[in-house]
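Asker: Quick one: sequence and predicted model below, then my questions.
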Amino acid sequence: MKNGGFIMKAQFSKVSGMVVLTAFALWGAGPASAQNTSPYRVEELSMPKGVAPEIGGLDFTPSGRLAVVTRRSGIWMWTPQSDPAKGEWKAFSSQTLHNPNGVLVVSDREMLVSQMPELTRIRDTNGDGEADEYVCVTPFNLSGAYHEVTAGPVPDGKGGYFVALNTASHSGFTFEHPRGQFSEVGRRGRNFSSVPYRGWVVRIDAQGRMEPWAKGFRSPNGIGMDASGRVWVTDNQGDFRSTNPLYHVEKGRFYGHPSSLVWDPEYVAVDPSRDPLKQPMAELDGARVPAAVAFPYGFSRSPAQPLLDTTGGKFGPFAGQMLVADAAAPRIIRVMLEEVGGVWQGACADFYSENGLRNGSNRLVFSPSGGELYVGQTMREWAGAMEGLQRIVYDGSKVFEVLQMRIRPGGFELVFTEPVDPGCAEQPEDFATETYWYEYASSYGGPEKEARREKPSAVRWSPDRRSVFLGFDAMSAQRVYRVTVSGARSGGRDLGHSMLAYTVNRLPR
């Protein structure tokens, strides 16, 4: 089925240990995205002449300047203005870095940049505004494959950092003399881990020592931290990835892509020549951690950085939720998470799509004032990815959206940012629902399995019309429920985005 430029397959699939419930109409344009009344707008920021705007990192300095890390043109600083055409640009570093894909500003004169081969500390030691010192904090092993990029760093709260390391791709070559121990077993497969610790999230302590933290990743192009210090990582659809996931990452856990297991001492202790690609799928499935959110593939094509909304309401009503960049679609996704029985799960919805937003969104950062979201884009992606620097500005007016989608015994609760007009969205048909699952398999991507339409057995609004309970008979875990809300209006305004998708790993008691 095709809608809004995206092709959706009505199939349903069961994932071990995970239920995904998605409530929505089909992902795409049309009535699901009433952007003509959106309180958000996109503004274009022009990079300096001659600078290739393939952006791998964004962060603000304590003095309020925007640090922009580019892939080929060094690091640039921009002094923000209300008129995006009038900001002042100044080069902080003219050095061409090696595929930089993350930055953490330490001070006005110091930052950490994750390059493909290392985490680098870059400093302006004499205060003239230009970097003059480059120090390797921690080296990363390399086989030579182009796909071995990084994401991060994000602070661990203890003076150290977390970094996510990509696997290599079969479409690239490896060096005759790689950096780090080479594994012939690890070299096998479509996405492989022939040197340590590709396909891992690693922790780097304050002294620069690297600790392997969690394994089982394929192409984790986004890493972030929530307000409680939990680590969140996005990964990309491919082999052993039926769709794009968001993971809550904990030390020692396995997240499904097996190639990185060759560097797990406990795994190889059984047999040093043990090949994870020959491991029975049932064993791998039983050991892996399911995604907290499984993004519908036609909706999220290539998730990148997850960013917690720490603005306290200055960017709208979504404080404490996550926004996720998409490097292969003109869209930024909103994620609503909750913990059920000790397991993380939740819903995703469209936050902003098209309407001036380009493909290629890779890195995000909020302005110091909180009213603007800066978006850095890169062509180092596929599916028509583009490059450049934009910002999404909130005008301060009311937002009419589904604020939360929460699982409840026997159904879901939808909470709205504004009261819904009486007489609107009161019938089961106004909450069109489809349920499916994604199969864990070695194939490249996969369809929605055993999709079926469901009809709410109950629709009960709260007296203040701010929330509605949708009852469903015989709910089960390890499914996705997709719901589309029709006809909901507030003060005559249409709902901004009507489609939500909830990934259910566990049912509440």
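Answerer: Happy to help now that I have it.
Asker: so where's the chain shaky on pLDDT?
Answerer: 1-37, 381-384 (pLDDT under 70).
Asker: distance from the centroid: which residue in it tops it?
Answerer: For the chain, the largest distance from the centre (CA atoms, centre = their mean) belongs to Asn126, which lies 37.4 Å off.
Asker: Would you confirm that that one contacts Arg109?
Answerer: No: between Asn126 and Arg109 there is no contact under CB atoms under 8 Å: 9.1 Å. Every residue, glycine included, has its C-beta placed from N, CA and C.
Asker: Which secondary structure elements does the one helix or strand Val375 maps to sit against?
Answerer: Using DSSP states H and E, the element containing Val375 is strand 372-377. For strand 372-377, the elements it packs on are strand 55-60, strand 361-366, strand 388-394, judged by 3 or more CB pairs under 8 Å, 6 or more residues apart in numbering; DSSP states H and E.
Asker: what is the orientation angle of that strand with strand 55-60?
Answerer: Calculated by axes from the mean of the first three to the mean of the last three CA atoms, to 10 degrees, strand 372-377 forms an angle of 160 degrees with strand 55-60.
Asker: Would you mind pulling the contact partners of strand 372-377?
Answerer: The contact list for strand 372-377 (CB atoms under 8 Å, 6 or more residues apart in numbering) reads 45, 53, 55-58, 66, 68, 80, 315, 323, 325, 327, 332, 357-367, 385-394.
Asker: What strands line up against it, and which way round?
Answerer: Strand 372-377 sits in its sheet next to strand 361-366 (antiparallel), strand 388-394 (antiparallel), going by DSSP bridges.
Asker: could I get the last one in PDB with only the CA atoms?
Answerer: Translated: strand 388-394. Taking C-alpha atoms only, strand 388-394 is exported to PDB below (Å, rounded to 0.1, in the frame of the first residue of the first chain):
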ATOM      1  CA  GLY A 388      23.500  21.600   5.000                       C
ATOM      2  CA  LEU A 389      22.500  23.400   8.200                       C
ATOM      3  CA  GLN A 390      19.000  24.300   9.200                       C
ATOM      4  CA  ARG A 391      17.100  25.200  12.400                       C
ATOM      5  CA  ILE A 392      13.500  24.600  13.400                       C
ATOM      6  CA  VAL A 393      12.100  27.500  15.300                       C
ATOM      7  CA  TYR A 394       9.200  27.300  17.700                       C
END
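Asker: give the contact list for Phe173.
Answerer: Neighbouring residues of Phe173 by CB under 8 Å, 6+ apart: 144-145.
Asker: can we see that at 10 Å?
Answerer: 143-146 (CB atoms under 10 Å, 6 or more residues apart in numbering).
Asker: Name the member of those residues with the shortest distance to Pro84.
Answerer: Set against Pro84, the nearest of these by CB to CB is Tyr146 (32.9 Å).
Asker: Ignoring the adjacent residues along the chain, who's closest to that closest one?
Answerer: Among residues not flanking Tyr146 along the chain, Gly172 sits closest, at 4.5 Å (CB to CB, 6 or more residues apart in numbering).
Asker: Can you pull the phi/psi pair for that neighbour?
Answerer: Main-chain dihedrals, Gly172, degrees, to the nearest 10: phi -110, psi 170.
Asker: if we can go back for a sec, among the contacts of Phe173, which ones are buried?
Answerer: Buried by 16 or more other CB atoms under 10 Å: 143-145, out of the contacts of Phe173.
Asker: will you turn those residues into CSV that also has secondary structure?
Answerer: As requested, these are arranged in CSV below (DSSP: H, G, I helix; E, B strand; the rest coil):
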residue, secondary structure
Ser143, coil
Gly144, coil
Ala145, coil
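Asker: Quickly list what's touching both of Asn126 and Arg109.
Answerer: Common neighbours of Asn126 and Arg109 (CB under 10 Å, 6+ apart) are Glu133.
Asker: name the helices or strands packed onto the host helix or strand of Phe162?
Answerer: Assigned by DSSP H and E, Phe162 falls within strand 161-165. Secondary-structure packing of strand 161-165 (3 or more CB pairs under 10 Å, 6 or more residues apart in numbering; DSSP states H and E): strand 110-114, strand 133-139, strand 150-155, strand 200-204, strand 210-215, strand 222-225, strand 231-234.
Asker: quick one, which of these is nearest to Glu448?
Answerer: Checking those against Glu448 by CB to CB gives strand 231-234 as the closest, at 19.4 Å.
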